[in-house]
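Engineer: return a 3D structure for these sequence lines:
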Amino acid sequence: MKKAKIYIPTKTAMQSGRGKLKEWLLEFETKDPSINPLMGWETSTDTLEEIILKFPTKEKAIEYAKKNNISYSIVEPKQRDFVIKAYADNFIKD
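Structural biologist: Take a look at the predicted model:
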């Protein structure tokens, strides 16, 4: 049985906001990773690891996984605490 994880990716260092991080991804897990003896890269004979599917909601990703007999795990996004700060707080010593 194929295994996959469903998650929302984290933002990259080049992004300042989280506006474009609304899509859920279904990414297959590698079955047999190994090290290529010539180059030292990680290789696998499993081509499913190259496939990443995008879904607008978590429910649609789960529905797809169930319909195609894929066992899945869901990685919920961490809730970020929003701290309201004033510009003057940068200059106040604690």
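Engineer: hey, let's count contacts and neighbours off CA atoms from now on
Structural biologist: Noted.
Engineer: can you list the strands that the helix or strand of the chain with the lowest mean pLDDT pairs with?
Structural biologist: When each helix and strand of the chain is scored by mean pLDDT, DSSP states H and E, strand 42-43 comes last, with a mean of 79. Using DSSP bridges, the strands paired with strand 42-43 are strand 34-35 (antiparallel).
Engineer: all strands for this protein, in order.
Structural biologist: Secondary structure of the chain (DSSP state E): strands located at 2-7, 24-28, 34-35, 42-43, 52-55, 70-75.
Engineer: how many neighbours does Leu48 have?
Structural biologist: Look at Leu48: counted by other Cα atoms under 10 Å, it has 16 neighbours.
Engineer: low-scoring stretches of this protein, by residue?
Structural biologist: By pLDDT under 70, the low-scoring segments of the chain are 1, 15, 18, 20, 94.
Engineer: hmm, back to that, residues making contact with the least confident helix or strand of the chain?
Structural biologist: Contacts with strand 42-43, where a contact means Cα atoms under 8 Å, 6 or more residues apart in numbering, come from Pro33, Ser34, Ile35, Asn36.
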